[in-house]
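Trainee: Here's a sequence, model it:
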Amino acid sequence: MVDPPRIVACSRSRHLAFTSTGKIPPASRLSPPDRGHPASVNIVITGASGNVGTALLRALASDAGGPHHVVGICRRRPPPEPPYDTAEWVRADISELSAERELRERFRDADAVVHLAWLIQPSHNQDALKSVNRDGTRRVISAALDEKVPHLVHMSSIGTYASAEPGTIATESWPHDGIPSSYYSVDKAFCEHLLDGIAAGETTIARVRPTLILHEPAASEVARYFLGPLVPTVMLREGLLRFAPLPNELHIQFIHADDVARAITHILHRRAGGAFNLAATPVIDRESWAQIFGGTGPPAPVSLLRAGAALSWRLRLQPTGPGWLDMGIQLPLLDCSRAHTELDWHPEITADELLPSFFEALRNGTGSPSPPLIPRKGLQAPWTRTARTH
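Mentor: This is a model prediction of the structure:
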């Protein structure tokens, strides 16, 4: 019989050993079928105040298998309002060496750790990004293994995958070496290779690989991180969106944060291991965009869009480097059959429902009381500050 579990999310360890292979350990080795969690668990979540963290807190609070004891780890504690009042909060910065003791202490009695913490901005400061995304993740993994946490759920991304020919549909076995021109993709692939090279021992490890995650309470965060102050979000109306000059080569999938949160709860209940792709339908391209918003503009050449993104990013006019466009063009589409079959998970919100709702939230400056998601006010240069996501 398995002891009652505790779920922890946080963000280096003597167990880490690098390998040259990029192979994902078979699920049968990571997650024996008789090792599911009991109903009530202790959960620690790193980055619990962010986009996915907020959705996960809501999902756990309403989980029929609860009540759960949830510990949220973040740099800036959110106010005691729903859903943040459902967790015990610990202030820690996983980029700092001093966080290792706090992580081990909080992981000691955990049944599960969910690692969501990630840094997207400032995109011009690669050292700052790596201190959280690489070093912080290493600290989380090491602490979880040192404390023999039964279950580690790592938030990866579609960005971990290598490039593919247009229209390629990839399962979880697709090479996860990233897109070299994208700092986000390279860091996601780096962290997956950390997991490839560890001796997990008693810890079952799951890797969650969602496509682009949208969530109405995170609309202001997305605007700050990706659009910058020169984009008037109030203008993002259907009458203008129908003229968006999407390139012919662009094929993107989206998913709602609530559906990602539900998938994580399914993973926790089953103590599932291995990788899981997550995406909603339909794929967004020129045709589906036109069906949603009533049309599209003439297709813009990718080379022109990329040059504009690169120049405006270098001039610090906007915070999104050209690597994000490269991911949208080069990444494969996700086959989510494994999540459907092994987790009994299907997204409840389709992409053509999500996009209009999210654009409305962008126009309205929608946010949440949590510091990373605070509603957008005025014009400012968000990429000059440290910004975390998930």
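Trainee: Going by C-alpha atoms from here, please, whenever you check contacts or count neighbours.
Mentor: OK.
Trainee: would residue 120 count as being in a helix?
Mentor: No. Assigned with DSSP: H, G, I helix; E, B strand; the rest coil, residue 120 falls outside any helix and is strand.
Trainee: And for it, the neighbour number?
Mentor: By other C-alpha atoms under 10 Å, 22 other residues sit near residue 120.
Trainee: The stretch 151-300 of the chain: strands as residue ranges?
Mentor: Ranges of strands in the stretch 151-300 of the chain, per DSSP state E, counting those that start in this stretch, are 151-155, 169-170, 204-210, 212-214, 254-256, 274-278.
Trainee: so which of these gets nearest residue 124?
Mentor: The closest of the strands of the stretch 151-300 of the chain to residue 124 is strand 212-214. By C-alpha to C-alpha, the value is 21.5 Å.
Trainee: Just checking: what are the partner strands of the closest one?
Mentor: strand 254-256 (parallel) (DSSP bridges).
Trainee: picking that back up, could you dump the strands of the stretch 151-300 of the chain to JSON lines with distance to residue 338, mean pLDDT and mean neighbour count?
Mentor: Conversion of those to JSON lines gives the following (distance: least, C-alpha to C-alpha, whole Å; pLDDT from 0 to 100; neighbours: other C-alpha atoms under 10 Å):
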{"stretch": "strand 151-155", "distance to residue 338": "16", "mean pLDDT": "97", "mean neighbour count": "29"}
{"stretch": "strand 169-170", "distance to residue 338": "11", "mean pLDDT": "98", "mean neighbour count": "16"}
{"stretch": "strand 204-210", "distance to residue 338": "12", "mean pLDDT": "97", "mean neighbour count": "25"}
{"stretch": "strand 212-214", "distance to residue 338": "19", "mean pLDDT": "97", "mean neighbour count": "20"}
{"stretch": "strand 254-256", "distance to residue 338": "16", "mean pLDDT": "98", "mean neighbour count": "25"}
{"stretch": "strand 274-278", "distance to residue 338": "6", "mean pLDDT": "98", "mean neighbour count": "25"}
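Trainee: Including distance to residue 303, could these go into TSV?
Mentor: Formatted as TSV, these follow (distance: least, C-alpha to C-alpha, whole Å):
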stretch	distance to residue 303
strand 151-155	31
strand 169-170	24
strand 204-210	27
strand 212-214	22
strand 254-256	24
strand 274-278	29
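Trainee: Out of the ones you listed, which gets nearest to residue 313?
Mentor: Nearest of the strands of the stretch 151-300 of the chain to residue 313, taken as C-alpha to C-alpha: strand 212-214 at 20.7 Å.
Trainee: Could you list the residues in contact with stretch 293-313?
Mentor: Under the contact criterion C-alpha atoms under 8 Å, 6 or more residues apart in numbering, stretch 293-313 has outside partners 238-239, 241-249, 286, 289-290, 318-322, 325.
Trainee: swap that for stretch 348-356, please
Mentor: By C-alpha under 8 Å, 6+ apart, stretch 348-356 touches 214, 253-256, 259, 280-284, 288, 292.
Trainee: Go through those residues and name the one nearest residue 332.
Mentor: Checking those against residue 332 with C-alpha to C-alpha, the nearest one is residue 253 at 9.8 Å.
Trainee: Give me the number of neighbouring residues for that closest one.
Mentor: 22.
Trainee: What about the nearest residue to it once chain neighbours are set aside? Give its phi and psi, please.
Mentor: Nearest in space to residue 253, with sequence neighbours left out and distances taken as C-alpha to C-alpha, 6 or more residues apart in numbering, is residue 283 at 5.0 Å. Note on residue 283: backbone dihedrals following degrees, to the nearest 10 are phi -70, psi 140.
Trainee: sorry, back to before: Provide a PyMOL selection command restricted to the buried entries of the contacts of stretch 293-313.
Mentor: Selection of the buried residues among those in PyMOL, burial being defined by 16 or more other C-alpha atoms under 10 Å:
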select buried, resi 238+241+242+243+244+245+246+247+249+286+289+290+318+319+320+321+322+325
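Trainee: What about the contacts of stretch 293-313, which are in helices?
Mentor: Counting by DSSP state H, the part of the contacts of stretch 293-313 found in helices is 238, 239, 241, 286, 289, 290, 325.
Trainee: rewinding a little: might you report the residue contacts of the residue nearest to residue 253?
Mentor: Taking C-alpha under 8 Å, 6+ apart as the contact definition, residue 283 lies against 251, 252, 253, 254, 351.
Trainee: And the pLDDT for residue 4?
Mentor: At residue 4, the model reports a pLDDT of 36.
Trainee: repeat for the one 3 residues further on
Mentor: In this prediction, residue 7 carries a pLDDT score of 35.
Trainee: Excluding chain neighbours, what is closest to residue 84?
Mentor: residue 78 (6.6 Å).
Trainee: no, scratch that, I was asking about residue 256
Mentor: residue 214 (5.1 Å).
Trainee: No further questions, thank you.
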